[in-house]
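Student: Mind folding the following:
(2 chains)
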Amino acid sequence: MADEFPFEISPMFEGERIRKENMYVELAGPKSIGFELVRAADMNDVEDGKFTLIGPDLADMAEGSRYPLAMIYKIAGELVETDLESIVERRNHEFQNYIQGLMHLNQRDDVWLRVSKDAVKKGLNSFEQIAKAIMMLFKNELPFIEKVETIYITDQAEIEKEIEMARAVYKARDDRTKGLHDEDVDTFYGCTLCQSFAPTNVCVITPDRISLCGAINWFDGRAAAKVDPEGPQFAIEKGELLDAASGEYSGVNALAKRLSSGEYDRIKLHSFFEYPHTSCGCFEVVGFYIPEVDGIGWVDRDFAGTAPNGLQFSTMAGQTGGGKQVVGFLGIGVNYFRSPKFIQADGGWERVVWMPNMLKQKVVESIPQELKDKIATEEDVKDVESLKNFLKEKDHPIIKRWITEEEEAPAEEEKEEVSGISQPQLQQPPVQYIPQNMPSGFLPSVPMTGSSGSGGVKIVLKNAKVTVDRIIIKKIE
Amino acid sequence: MTRIIAVTGKGGTGKTAITTLLIRHLTKGNKVVLAVDADPDTNLPETLGCKVHRTIGDVKEFMHEERENLPPDVNKQSILESKIYEIIEELPGYDLLVMGRPEGAGCYCYVNNLLRGIMNKLVGNYDVLIIDAEAGLEHFSRKIFRQINDLIVVTDGSRRGLGTAERIRELVEELETDVDHIYVIANKVTDSTRETISSTAAELGLELIGMVPLDEMIVQRDLAGQSLMELPEDSPAVKEIENISRKLNL
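Tutor: Just a heads-up that it's a prediction; the model follows:
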């Protein structure tokens, strides 16, 4: 079928670089303008297989020259919808790179193409040949496309007119993707890039939770997993929703168990205190519980000063990192502050009492209006005592918890868990995790989750086949 | 298959000059070369006689800085790839990339992982990849380049210089990069040092593949900040590089 084209079409040409010395013409790119756009249209508005060119064709272009280029594809079909536009558009990049002698880079209004001298020598002399090949690939590879029509533009003035329309489409698309939440998808993504130094770390990336390093969002996970499902980013079937408030899913729990080699078997995505997400060491921000005010402070890597608890980012990061669930501390990516599910199991923003001013300004738009001036920064308070006064003075909602606790304190034993949101139990003595061969007198106290309740002792033997790896002694929940 | 050569050595040994002369030889033989300057302390572009405006370090920094501003569903690998293609200097017979500044604070695991994939694909487009690498071989420990066919250690004639070659050999054993061969080139060799160098190298068990003589033409060009690509064929250093290239089958 490909015989009708003067070039070969194969995935093996992906990654082919056309150097300046072998370049016939450069299209769009950093020194010119252009864009690519796929639009879903009505069946009646698409003339299948039609190609229109506005501006000069390849044959009219001198060797070594540069032209702007816009590529618009109108697609139609029973199953074609607006949401598919960006997925189809992405395939233009892939398919154009299948063509020998054509290099396609980047996307949207940053596209950059080069046609090689060799390709022109072999008979490539019109954009129509390229467009026909792409339309053929679209219909072969994406059967939901029943009709496709192509318009290429190489006329500068015409592109300048159309590019604004394209940008408006991209913007509308971005607004839609920002509205995507955990409940809208069936698949989350995991990442193991940090496991080289945090072997039990389980990084779970969801639409409402960016990776701890802040670099990988759900879409990045999806893109990477598609290219290399066995690579460092991979799909997680999210499974059954076990608890909506804290974001607990059976699929995530199963993965946690596997990735941590059995160290952790529960991870609640939007919880600070109970079965929190593990913390790698790469996280951009660390959250810390301040027991005196029953609130949470956050400090980011860029803040060189000391938090109200007297500690610096580096100190807390050192305690928190390593791929552990550490109750009282939590590493996150900055973008998680913008999530509507931000530590929602523990009260979300109402639980936040302190952050460095720079960080606060960075995410200020995500802070609920009524809390904006109630969260202290290093400019307001220096220590826990002044923080307490600040919160009282500003009437931060956290002080309601102080009163509730004082009242409820005597009735503690009869109290049941209220509305699924459990109180932190940091007054409990932390569980001791005692590795073998640890010199005596050095017992690191690693607090672990779920150490609530009282009475009795539970001994868990792990990996006890011939010898005992470790013994964990903890209070029964 | 792309032949991958890394040239390393202590500062001041003239490893950048040797790299340049190897590139000169390769391009004259119509090989398509990707030259990578991976040593922040030297200046390969200057000895090649060209200017580089932006580096991979700048691009990584851009990706890091912009991570929250980029539209959520754009393909970041694609953006990074395009940015890297943008900073490649395209010169007659070869392309040049400069690694540039080190990483800032923060986590670059993801960007480096993307970079690995892109570099892997890019390198396949060339006959030869030649890397001017700093002695610590940092970019190899980060696995930006996974394999080296020939690791060339440039040294001056001193025992200390040859000792560095020995240390680099030990370092290579710790790297997860596959290295097929390690060779040593002695540089700035004079008649009085020639014999000692070869016996010391033999003593240390180093494979000495050539001795580039101290070349007045290079000294003059270095002083004037001129390119070494236009050295005449009768330059003693150029002649020895031809010999070495023959031995390396380049």
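Student: Compute the number of surrounding residues for the residue lying closest to residue A:338 once chain neighbours are set aside.
Tutor: Spatial nearest neighbour of residue A:338, chain neighbours left out: residue A:366 (4.5 Å); criterion: Cβ to Cβ, 6 or more residues apart in numbering or on different chains. For every residue, glycine as well, the C-beta is placed using N, CA and C. Burial of residue A:366 is recorded as 14 neighbouring residues (other Cβ atoms under 10 Å in any protein chain shown).
Student: can you tell me how far residue A:366 sits from chain B?
Tutor: Distance, residue A:366 to chain B, using Cβ to the nearest Cβ, to the nearest Å: 12 Å.
Student: Can you list the buried residues in the helix or strand of chain B with the lowest mean pLDDT?
Tutor: For chain B, the helix or strand with the lowest mean confidence is helix B:138-141, at a mean of 76 (criterion: mean pLDDT, DSSP states H and E). The neighbour-count criterion (16 or more other Cβ atoms under 10 Å in any protein chain shown) identifies B:139, B:140 as the buried residues of helix B:138-141.
Student: can you list the domain ranges for chain A.
Tutor: For chain A, the domain assignment from automatic domain parsing gives the residue ranges A:2-178, A:182-414, A:429-477.
Student: Next up, the contacts around the residue nearest the centre of chain B.
Tutor: In chain B, the residue lying closest to the centroid (Cα atoms, centre = their mean) is residue B:132, at 1.6 Å. Listed by Cβ atoms under 8 Å, 6 or more residues apart in numbering or on different chains, the contact partners of residue B:132 are B:7, B:15, B:16, B:19, B:35, B:36, B:37, B:38, B:39, B:42, B:44.
Student: interface residues of chain B facing chain A?
Tutor: Contact residues of chain B with respect to chain A, defined by Cβ under 8 Å from any Cβ of the partner chain, are listed as B:32, B:64, B:67-68, B:71-79, B:81-82, B:85-86, B:90, B:92-93, B:95, B:105-107, B:109-111, B:113, B:121-122, B:124-125.
Student: Please flag which of those residues sit within helices.
Tutor: Judged by DSSP state H, those include B:64, B:76-79, B:81-82, B:85-86, B:109-111, B:113, B:121-122 as members of helices.
Student: If you rank these by neighbours, which is first?
Tutor: When neighbours are counted as other Cβ under 10 Å, the busiest of those turns out to be residue B:110, with 25 neighbours.
Student: didn't that one look like it was pressed against residue A:214?
Tutor: No - contact status for residue B:110 versus residue A:214: not in contact, 9.1 Å apart, counting by Cβ atoms under 8 Å.
Student: Quick check: longest strand in chain B by residues?
Tutor: Among all segments of chain B classified by DSSP state E, the strand with the greatest residue count is strand B:178-189.
Student: list the helices and strands it packs on?
Tutor: Packed against strand B:178-189 by the contact rule (3 or more Cβ pairs under 8 Å, 6 or more residues apart in numbering or on different chains; DSSP states H and E) you find helix B:15-28, strand B:147-155, helix B:159-174, helix B:191-204, strand B:208-213.
Student: and the ones you listed as CSV, adding mean neighbour count?
Tutor: Formatted as CSV, the entries for these read as follows, by neighbours: other Cβ atoms under 10 Å in any protein chain shown:
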stretch, mean neighbour count
helix B:15-28, 24
strand B:147-155, 24
helix B:159-174, 16
helix B:191-204, 14
strand B:208-213, 20
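Student: averaging pLDDT over each of the ones you listed, which comes out lowest?
Tutor: For those, mean pLDDT drops lowest on helix B:159-174, to a mean of 83.
Student: packing partners for it?
Tutor: Helix B:159-174 is packed against strand B:147-155, strand B:178-189, helix B:191-204, with contacts defined by 3+ Cβ pairs under 8 Å, 6+ apart.
Student: mind running it again at 10 Å?
Tutor: Taking 3 or more Cβ pairs under 10 Å, 6 or more residues apart in numbering or on different chains; DSSP states H and E as contact, the helices and strands that helix B:159-174 lies on are strand B:3-8, helix B:138-141, strand B:147-155, strand B:178-189, helix B:191-204.
Student: Out of the contacts of residue B:132, grab the one that's most surrounded.
Tutor: With neighbours set by other Cβ under 10 Å, the maximum within the contacts of residue B:132 is found at residue B:19, which has 30 neighbours.
Student: which neighbours do residue B:110 and residue A:214 share?
Tutor: Shared contacts of residue B:110 and residue A:214, defined by Cβ atoms under 10 Å, 6 or more residues apart in numbering or on different chains, comprise A:282, B:64, B:67.
Student: Mind checking what secondary structure residue A:317 has?
Tutor: Using DSSP: H, G, I helix; E, B strand; the rest coil, the secondary structure recorded for residue A:317 is helix.
Student: For it, which non-adjacent residue is spatially closest?
Tutor: The shortest distance from residue A:317 to any residue that is not its chain neighbour, by Cβ to Cβ, 6+ apart, is 5.5 Å, and that residue is residue A:286.
Student: same thing with residue B:147?
Tutor: Residue nearest to residue B:147 in three dimensions, not counting chain neighbours: residue B:178, with 4.8 Å by Cβ to Cβ, 6+ apart.
Student: Check the burial of that neighbour by counting its neighbours.
Tutor: That count, for residue B:178 with other Cβ under 10 Å as the rule, works out to 11.
Student: Next, work out how far apart it and residue B:7 are.
Tutor: In this structure, residue B:178 lies at 17 Å from residue B:7, with Cβ to Cβ, to the nearest Å as the measure.
Student: Most proximal residue of the stretch 351-477 of chain A with respect to chain B?
Tutor: Evaluated by Cβ to the nearest Cβ, the stretch 351-477 of chain A has residue A:362 as its residue closest to chain B, separated by 8.7 Å.
Student: Phi and psi next, for that residue.
Tutor: Reported as degrees, to the nearest 10, the phi and psi values for residue A:362 are phi -60, psi -40.
Student: check contacts around it.
Tutor: Under the contact definition (Cβ under 10 Å, 6+ apart), the residues listed for residue A:362 are A:300, A:302, A:334, A:337, A:338, A:355, A:356, B:68.
Student: Let me know how buried the fifth one is, in neighbour terms.
Tutor: Okay, so that is residue A:338. The local packing of residue A:338 (other Cβ under 10 Å) involves 17 other residues.
Student: Tell me how far it lies from residue A:311.
Tutor: In this view, residue A:338 and residue A:311 are 25 Å apart by Cβ to Cβ.
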